[in-house]
Structures are given as structure tokens and as C-alpha cells.
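>>> sequence below, structure please.
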Amino acid sequence: MKQKKYIFSFVLFLFASTILLAQKITVKGIVTDEQGLPMPGVNIQEEGETNGTTSGIDGDYQISVNKGSVLAFSYIGYVTSKSTASGTILNIKMNTGAKELDGVVVTALGLKRDQKSLGYSTQKVKVADVVTVRETDINNALAGKVAGVQFQGSPSGDFRTSELRLRGNTGVLYVVDNIKVVSISDINPESIESINTLKGLSATALYGPEGRNGAIVITTKRGKKGAVSVVFNLSSSLENAYLFPKFQNEYGGGYSQSFSKYTYNPASDPASFAAFDGQNIVDYTADESWGPKMQGQMVRAWNSWEEGTPEFGKLVPFSPNPNNIRNFYNTGATTRSSLSISKGGEDFSLNFGITKTNREGIVPNTTRTQYDVNLTAEANLGKKFKVFSTVLFQDRQTTGYNRNNLILPTNASLRQWFQRQLNMDDLRNYRMNGKIVTWNRTSPTNGKSIGWNSPFFDQYEQPNQEDNKSFNGKIGGSYEIIKGLLANLELRKTYIGSDYYDITNAWGGAVIPAYAEKLQITNKDEVSGNLNYKKKINKFDINGTLGFEYQFYNSTYMQNSTVGGLVSEGFYSIDTSVSTPLIDNKKYKSRNRAGFLTASAGYDDFLYIDASYRNDFASTADSNDNKLSTYGVSGSFVFSKFIPENKIFTFGKIRAGFAMAPQFPVMYQTSPIYVTGTTYGTYPTSSTQSIPSNPRLKGGNREEKEYGIDLKFFNNRISLDLSYFDRLDNQLPSLVTLDASTGTTGTYQNGGKQTYKGFELALSGTAVKTTNFEWNIGVNFATLDRQVVAIAPGINRNIIQSGNSNMGNVQLVEQVGQEWGAIYGSRIERDANGKAKLTASGAYVRELGVYLGNVLPNYTGGLTTSVRFKKFDLSLGFDFQEGGKYYSVSNSLINRTGVGIETVGNNDLGNPKRDPVVNLAGVSSPTATILNSTAAPNSGGLLVEGVDSVTGNDVAYRVNTKTYWANIRAITEPFLEDASYVKLRTLRLGYTLDKDVLKKTPFQKINVAVYANNLWLIYAANRNIDPSELQSYNTATTPFIETAQLPNSRSIGLNAVLTL
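Now for the predicted structure:
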């Protein structure tokens, strides 16, 4: 009986223990980030159970779990945190520390991969670095943040999109949610969630020929689980021009240092002009500043000759206006406001955003209004079927900005040809007494320009208008056929429509009025589908994708322009053309289809191999030979798996890859086309292209080998990514010049060969990290060596691009045996001892067609740093470049036209440089050149020393200053500038107000910040010009000729982000 009691008691104890162990408790708490801010949407899972929830908008959660169970808190970009549910209150702080090595990145075709499994180089960019500085150009925001990227920006004061050169090539492919966008300017930075750069062919093989120059893969924002999130983002900034040449302020407009006198002619001049006889007048026809010294002499200004105006008949002091060029430019302003709404659940996610940007440029009457709308939606229609869609729409209207000449006439006038006494405020009044007048007037009685309009006339009377609309979108679905096997289908659409209305030359200006209208419409449609399989078998992870892609491209270009002027003053229309207008209509079509396959395998989380293969068929190639095969193989070995865990070394991986990517020929290079021309009488005309087609032409082939190592130290506090690539471009098409007897200028032939080799380094680390303070640093560094091995059979030299005589006759050349981008031109010829050879007139002898340098830099890089102290945050972004050259037209003209600072001051004798050259006999001449030994002690002019070009004897001349600068401008070398620079591009200082402070408001969080872009050019060899933002003569290849550079600008603004 007692034994039964013991048995009964033991069973009761076990039963009670089981009940206690299985006792349910309700756990609640708040999830916060490292700054103590609430984190909505954090996944909370009871380990070993299907039970789970997500945190609310305040970071709060509540979950019923077994007492003593383990709760796992996870969120993208944060380390998964695990805690035991021992009580009813459990608050969690999430950590962004990189303990979580298996970071997920988006690769080609939108496939998501673990970072450690990749055998090729990729580099993620923090989206905060792009969005928080309120940069409207994504490429600008990427400057200095990716190793191997050379930034080629347009001047910050204009509206052009900058360009990136990745591993020595432009033409980077931009992919947004798997949509291959035509122009990155059509994408709103506000919509971006992640950015990943795919640098090499192994990474981009699945994109085929389109991805051969690298790809930037962008993912837009998705809705997160939890309550509805509403975010307002407001910013406003001011922009000022800040880089100007150093102008002289001693001598005014004219070609000589004496004033002309007005002589009244009663036969032709108005009677009211009689009183002006004998007055000093400025040489209005001169567009240079070699005139009289500005000492306050009373003169007749350009605007004093129009009867019926307040200025008529007035004499004004002939005095310098030191800031006249600066005063032309406005204080620009940019306002940007956006609204983002997102919501997610178990079976859906939705994100909607709309942004409005208003920008007034620093150039008068240049404005841009832009609307961006983005919508991303996903939904699970059952357990196996999912649908998704992305819509990106932009409406952009730009006024006053001439995309063709880049405001060239205005800036050429101000920066290169001008009169230093001119008052910029006077120039605003270019319409006087019903007539258009200008400072560069024909004569006192004729206000019509002989060359230069008022810069305000150019900007206000020629308000070119561009209306641009773009749509990038996709719709698709995926279906899980069986576990691990997913079928995907996407339909993608890109549309770009651009209307351009160009008052090329307005009524009353220096040239015959002209008007043009342009319309360009681009449509690109894609259909893509694939089967994706994932399977884990013991220690093996297997992934495979098999798919297809069809692409249809159509572009229409129409341009109508007037000929011979306009018949109706002030009415700009094609119908008002004096002669038959020129009508140009072009249509481009191409088709492409492709099939692709990729497979990857991983073993025990340390050994991985990838292989990709793609076949493309394109209509731009010979129809009998139009298939190209792109493939890539890569692998990685995580050797840190075999190193015992320690406090210093955390992770290590070596990787290697090989890939090949051919290229199709450019459209219509393989088949003849006809181009419309001007009409002959009433008959239309057309002609074939000047360079005949070649049906056997290939686009060339590219092979690349890449090796790298990724290392992490001190629990991932320090990360190092080092890559080396070796690329070969073979059978490149080159233009071969033909004899004129053939009836054509040349033809394209295959045979070009170039090599690219370089190192890329990305180093990042957390220098200091405490509860209230954190300091992060990132450094990028890259080198590139691009050599020309061959051009075409029998051709060893090819001129890529050249400037005319006004551009120093400089040439960008590819020469067999040299680095690509060689710059050739003229330099001062010297004897064996290095002495300059001089002519009998004291001019330098030119040595023509010599190598002067290279356009490519020796290395590029950047540095980013961010500091967080409690609720304050500070971030800075630098980028730099060492080496490279460019030719500056502005610097060659600024002294030639007498506006530059180097044309004034004292010479070696202590006399003003512009004083006449005087010989020992006291005879002076404003333009003479004499032997220096015969110059008087009071002589002006410049000392030029060297050797006689005929005899070789030492010689020295005293040369008139104006003559000296006219002579030296004919030589390329003095105006070839070093393109090295160091720049502080971005700065941001912010403060966050959290929920504790905002209890009585509807806001969950408010962040306010001061930000600045393009803040400080720390170093440049030529302080007048920012080498990273050249306004180039031609950007078809690379900026290497600067012409009429628009001043750079810096912007400083305020930003507020309000989260409901």
C-alpha cells in the first residue's frame, strides 16, 4: 500500500513538473536600435516553435510563449539577438555589428546571394550616404564610395547628369528592380533601398553584352511588416558659384591703352549727339581688356547712346568692377519634398512615394521642376503564387538650360572674352528704347552686336525648354512548382519622351535668328522568365537558374529647324522659317533574344563555385552570324573556417573568377542606311552614311580574370576587400582611313586589342564603439593600367578626338605600345641643354605632334567617415584622384584676351608689364619685340630667353606682353593641366528627436540636419577649375578639353525627416 502511494506521488510529481515546464507566459517589451530608437517590423520567433510576431511602430511587441523558451529577434542589417523568456518583460537592443557574416547582396538578374559565397568583386553602398545629403544625381552621390570608379561629373552649377567610369570604361549598366534603365537621372534617390556594384565580367555575365562594363544594381524600397509607416522628407538648400579665374583689375576694355574720341558727323549722327563731340569713348568693338588703365577717367559707356533713356549722354568713371563676373550668377535654390507610405503584412508589402523637386540654377533663368512617383507592391496569392510590380515615373521640365552648347556662349563671354570695367547690373538692361543693345556694340550710333550679346539677353531671350517624361516599370509573378523550384516571369517597360524647344538665336542678337524643335521617344520592352532551384543536401547547397529574355528597342528622333532666319520678329515657329525648314526624322529599331543558365554549389559553408552561361541573338549583327556567348566561372574558399576562433581574426575568403563577354556591333554599322538632307528646290534629298557599313563587322570580345581576398578582423570591426583584375579586349572595331579614290573616308574593321590591369582596395572599420559614441571609417583606392596592343591591320595610331586651333590643336590618341588616352599636341622646342628655341621675333618655336601626357589618372579613391554621439550624427565624404591631364581653353584665352591676372603687375625690370617696350634710344612701341640688350631700364614687356632657332646661340628678347600671350597660346603644353584633386564632397550634421521627446505629438521620430554638397576643393593644381567636374568640349570618350567652364557651386541646406 505504501509502495502504491510512492508510485502515485511520483507520477503526480512528473505530471505537475510537465505542467510547470509547459506553462505559457505573455512576454512584452520594446525593441530599439543602438541609438535607443524604436524599431518597427523586427521579426520575433520562438525557437523550435511556429509561434512568432513582429514589433509595432513603437518597437513594442507582445507574444505568448513557453516559459523558459528562447526568443530570436531578427532584422535585415542587424545581428540576430536571442534571449530567454524568463519573465514577462524583455526589452531588446539590436546591434548592427558585423558578427553576422552571411550578408545578403542582390546580384545579376536580381538574384540574392550570401556575400561570402561570391567568387567575384561586389561593393555595397550605404543608402544613407546617398539619401541623407539630398543629392539629386545618384552618380554624384556615389563619388568616392566605390573602389574602381572614376567620377566624371559635369559642373555642379548645371543640370547635366554626371558619369561614372568603372574599371576604365563608361557605359555602366544601371539595373533597378531588374529593369535595365536607359538613364540613371530618371531614378529618384528617395526610392532606393539598396545599391550594389558588380564590377567584373564574372559578376555581370548573366546580363550578356549589356553588362560588360559593369553594373550598378539598385533595389527600391519595400513595405515592412507592422503598422503603416508614413515619412515626410523636406529639404531646402542654397547654392553659390565659388570657383572663378583670377581676373586683373587694372586695365579695361580695348585693344590699345588710349581712348578714342567721339567725332560728331552731322550728316549721319542725330543732332542731339553734337554736344558729345570730343568725349572719350570705350572701344565697344573690342572683346578684350588690353585697353587703357582704369583710373576713374570719365568716358561714354556702351549704354549711354540710346535717346530717351536715363543713361543717355552720361559720362561715367572708367573704373574696375572686380566682381562683375561673379555678379552675373544668382544664388541658386533647391527645395525638395517627399512623402513615403509603406505597409507590410504576412502576405503583402506596399511602398508608395512621391517627390517634388524645384531647382533654380546659378545661371539666370535656369529652372527645373521635377516630379517623381514610385510604387512597389508584392502579394502572396496563396501559398505558392506571388505577384509583384514596380512603377517608377518621372516628369521633368527644364527651362533656360541649353543641353547642346551647355550655355557655352554666355560662359565663353564671361570667362574668356570680356571688358573688366563693365558693370553687370547695366548689362541686365539690354532692351533700351525698344531696341536690343549690348556692350559689344558696332558703334555709338549702332547698338547691334558685332559678336557678343549681353549675357542676360542670351539667357532670357533664348529660354530653351525641355519637357522630359520617363516610365520604368515591371509586373511579374512567381510560382513554387515544388519545394525549392520556383518559376518566375517578368514583363518590363521603359519609356522616355523628350520634347525640346530651342530658340537657337533670338531676334536682335549677334546672329541670324533661328529656332528648332526636337522630339525623341525611346521605347524598350522586355519579357524575361526563369526557373530557379534551391536545394540543401547534407553539407551541399545547390542553386540553379535557367531562363530566357526578349528585348525590343525602338527609338524615334525628329528635328525641325528654321533656315535663313525668321519672317516674323519675336515669333518662334518652324512655320516662320524664311527658307524651307530642315526636317530630320530618324527611326532606330533593334531586337534581341537570349537564353541563360547559372548554377552554384557550396560545400559546408566554406567552398563555393559559380558558373554562368548566356547566348544572345541580336538584329544589329549579320543575320547569318548573330549569336554571342557570354560565360563566367568563379569560386571562393572561406579559409577562416579552419582557423580556431580568436579575438583578432574573424573571417577570411579568397576568390577567383574568369569570364568572357563579346559585344555586338553598334546599330546600323553592318547594313546601309539613308539619311535625309535639305531639299533641292521642292525635291527631298537623302544620302548614305559617310562611313559605309561592313556586314562582317564584329563588336569585339572581352576576357577577364579576377582574383581577390576578403578579410575581417576584431569581430568584424575592420574589413578589407582587395581585388586584382586582368582584362583583354580583342578584335575591337576601329575606323580605318581609306584613300579618297575609294569614294569614302574610311570603314570600320576588326583588329583592335587593349589590356586593362588594376588593383582595387576597400577598407572599412569601426575605430571607436561605445554605448553613446561610434566612429566609422571607409577608404576606397584603385589603380588602372590600360594599354593599346593593336588597332587594326596596318594601323598603329588612331585619333579618338581632337580640338581645333582654338583648342590648341590638342588630340586624344590611341597609339600602339602606349597607354590608352595619350594626349598629343605641341610644346616649346628645346636644344640639347633644355633651352627654348626662339624665332627672330621672340616667339617660341613649336615642336608639333608630341606626346604630352595621358588623360587617365594613376589612381582614384575616396574616404567616408561618420560619427555618432548620443543623438547627434556627423558624416563626411571625400574623393580624390592623382594624375591625368586635360587641356584648358579657358586658361589659354584668359591671358590672351587681357582679362587674366598674369597680364598685369611688374616685369623683371620693375616696370608695369603692359608698358610699351622701350629701347635705349628712348623709342617706344606698344607692339615691338627687341633684343633685351637694347631695352631701356624703364621698358615694359616680358623677358623671353632661349637660343636662336637658326644659330643655336643664346638670345634674349623683350616682348610686348600682349604679343607674348598671343604667341604662347598657339602652343598646347602650357595649358595642359594636371587633373589631380582632393575634394570634400559631402557633409552632414544631424540630430534625432525620439519618441520620449515627442510624446505629445503624432510623430514617432524626427531627424533634423544641416547638409552640404560639393563643399570644398581642398587641392587642385589649377585652382580655377575642378578636374572632377569638367565642362568638356566633347564627352563621347572622356573629358579632356575644358571649354568655357561653368563655375562650380557649393550648396548648403536644411533637412527634416518626420516619421509618423
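>>> please count neighbours and contacts with C-alpha atoms only from this point.
Will do.
>>> hmm, Glu239 is touching Val363, no?
No. At 10.8 Å, Glu239 and Val363 do not qualify as touching, with contact defined as CA atoms under 8 Å.
>>> overlap of the contact sets of those two?
Common contacts of Glu239 and Val363 (CA atoms under 8 Å, 6 or more residues apart in numbering): Gly332.
>>> now the phi/psi pair for the closest residue to Gly509 other than its chain neighbours, please.
Nearest non-adjacent residue to Gly509, counting by CA to CA, 6 or more residues apart in numbering: Asn453, 6.1 Å away. Asn453 adopts backbone torsions of phi -80, psi 170, taken as degrees, to the nearest 10.
>>> Asn453 and Ile436 touch, don't they?
No. The criterion here is CA under 8 Å, and Asn453 misses it with Ile436 at 9.1 Å.
>>> between these two, what contacts are shared?
Contacts common to Asn453 and Ile436, judged by CA under 8 Å, 6+ apart, are Gly509.
>>> between these two, which one's more packed in?
Asn453 (25 against 18; other CA atoms under 10 Å).
>>> residue contacts, the more buried one?
Contacts for Asn453 (CA under 8 Å, 6+ apart) come out as 437-440, 509-510.
>>> could you do Lys835 as well?
By CA under 8 Å, 6+ apart, the neighbours of Lys835 are 946-947.
>>> now do Glu46
52, 65, 69-72.
>>> 10 Å instead?
Shown in contact with Glu46 (CA atoms under 10 Å, 6 or more residues apart in numbering): 52-53, 63-66, 69-73, 82-85.
>>> what residues are bridge-paired with it?
Leu71 (DSSP bridges).
>>> next helix or strand past the lowest-mean-pLDDT helix or strand in the chain?
Ranked by mean pLDDT, DSSP states H and E, the helix or strand of the chain with the weakest confidence is helix 2-21, at a mean of 42. Using DSSP states H and E, the helix or strand that follows helix 2-21 towards the C-terminus is strand 24-32.
>>> what helices or strands is that next one leaning on?
Where contact means 3 or more CA pairs under 10 Å, 6 or more residues apart in numbering; DSSP states H and E, strand 24-32 is packed against strand 60-66, strand 92-93.
>>> the longest one versus strand 24-32: what angle between them?
Put simply, strand 60-66 runs at 150 degrees to strand 24-32, going by axes from the mean of the first three to the mean of the last three CA atoms, to 10 degrees.
>>> in strand 60-66, what's buried?
By 16 or more other CA atoms under 10 Å, the buried positions in strand 60-66 come out as 60-66.
>>> quick check: closest non-adjacent residue to Gly56.
Closest residue in space to Gly56, ignoring its immediate chain neighbours: Pro40 at 4.9 Å, by CA to CA, 6+ apart.
>>> so who does that neighbour touch?
30-32, 54-61, 75, 224-227, 229.
>>> what about the residue lying closest to Tyr264 once chain neighbours are set aside, how many residues nearby?
The shortest distance from Tyr264 to any non-neighbouring residue, by CA to CA, 6+ apart, is to Asp277 (5.2 Å). By other CA under 10 Å, the residues close to Asp277 number 12.
>>> same deal with Leu238?
Applying the criterion other CA under 10 Å, we find 20 residues in the vicinity of Leu238.
>>> pretty sure it contacts Thr331?
Yes. Counting by CA atoms under 10 Å, Thr331 is a contact partner of Leu238 at 6.6 Å.
>>> now do the shared contacts for those two.
Common neighbours of Leu238 and Thr331, counting by CA under 10 Å, 6+ apart, are 360-362, 1049, 1051.
>>> any idea which of the residues you listed has the most stuff around it?
Neighbour counts for the shared contacts of Leu238 and Thr331, by other CA under 10 Å, peak at Gly361, which reaches 27 neighbours.
>>> wait, what's in contact with that residue?
Residues in contact with Gly361 (CA under 10 Å, 6+ apart) are 156-159, 238-241, 329-334, 367-368, 400-401, 1049.
>>> of these, grab the buried ones for ChimeraX.
A single ChimeraX command selects the buried members of the contacts of Gly361 (16+ other CA under 10 Å):
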select :156,157,158,159,238,239,240,241,329,330,331,332,333,334,367,368,400,401,1049
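>>> just the ones in strands from the contacts of Gly361, please.
Among the contacts of Gly361, DSSP state E puts 238-241, 332-334, 367-368, 1049 in strands.
>>> ok so, going back, which one of the helices and strands packed on strand 24-32 lies nearest to Ala1044?
Nearest to Ala1044, of all those, is strand 92-93, at 55.5 Å by CA to CA.
>>> the closest one: partners in the sheet, and parallel or antiparallel?
Within its sheet, strand 92-93 is paired with strand 24-32 (parallel), according to DSSP bridges.
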